[in-house]
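Undergrad: how would this look folded up:
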Amino acid sequence: GDLLYELESTCCVYHPTLHCPVSSSTPKHHQHSIMTILKGVPPIITPQLLHALASMGHGDEVVLADANFPAESVAKHTTVGGAIRMDGCKIPELLKAILQLLPLDETAPPCALMGMMEEHKAAGWQTPIWSEYRSIVQQQLIQEGSTCSEVRFEEVERFAFYERAKKAYCVVATGETALYGNLILKKGVIGTKG
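TA: Model (predicted):
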């Protein structure tokens with residue numbers, strides 16, 4: 001059953017899927033759209049995702065999974081143990097929000113893409129979303145005053161990407177429909193400037 005507890009005289013329920021408290025009076029169909037009400041936290045960041053990002057340590061990884069990614073079967077192997085569902089989000093908007101909170105690793109390539117399969121290359125498939133990701137990451141670094149001229153993005157073979165994703169801290173399942181839209185971010189540290 002649900003764990004009930006009192007919080008400032010309001011009865012709340014620990015929601016087993018969101019891993020966060022929700023008001024017991026909140027209709028069930030609204031419980032998945034709860035957002036974080038804190039200063040400086042983009043409203044697209046849910047309480048479950050905020051908790052995961054804050055809990056990650058240096059070198060931990062978060063997978064931003066597109067709509068075709070086997071998020072649930074892969075995510076059951078991660079530290080969180082299940083997918084963080086954000087099916088209404090596209091990855092570019094989510095990436096912009098995450099980068100406002102998550103420092104990227106500076107000791108290893110902080111971003112990894114799922115490499116395109118040879119048959120798709122031969123068929124002429126294109127991945128314009130990759131350029132968009134690079135632009136978003138670079139723009140964030142510029143805003144932070146980084147002197148890094150270019151962020152390294154790894155390309156990881158499809159099945160190796162799945163195996164790496166299983167070792168991630170969490171998988172965020174999105175509604176991204178761009179071809180090969182999957183992205184892994186490696187967390188860095190705060191205070192690298194001394």
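Undergrad: ranking helices and strands of this structure by mean pLDDT, which lands last?
TA: Ranked by mean pLDDT, DSSP states H and E, the weakest helix or strand in the chain is strand 4-7, scoring a mean of 28.
Undergrad: ok, Ile92 - contacts?
TA: Slight slip there: residue 92 is Pro, not Ile. Applying C-beta atoms under 8 Å, 6 or more residues apart in numbering, we find Pro92 in contact with Ile129, Glu132, Tyr133, Ile136. Every residue, glycine included, has its C-beta placed from N, CA and C.
Undergrad: low-confidence ranges in the protein?
TA: Scanning the chain for pLDDT under 70 picks out the ranges 1-36, 147-149, 192-194.
Undergrad: ranges for the helices of it?
TA: Taking DSSP state H, the helices of the chain run over residues 47-55, 71-75, 91-99, 118-122, 128-143, 158-166.
Undergrad: dump those to TSV, plus distance to Gly81.
TA: Shown next, in TSV, are the helices of the chain (distance: least, C-beta to C-beta, whole Å):
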stretch	distance to Gly81
helix 47-55	11
helix 71-75	7
helix 91-99	20
helix 118-122	31
helix 128-143	27
helix 158-166	11
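Undergrad: quick one, which of the ones you listed gets closest to Lys187.
TA: With C-beta to C-beta as the criterion, Lys187 lies closest to helix 47-55 of the helices of the chain, at 7.9 Å.
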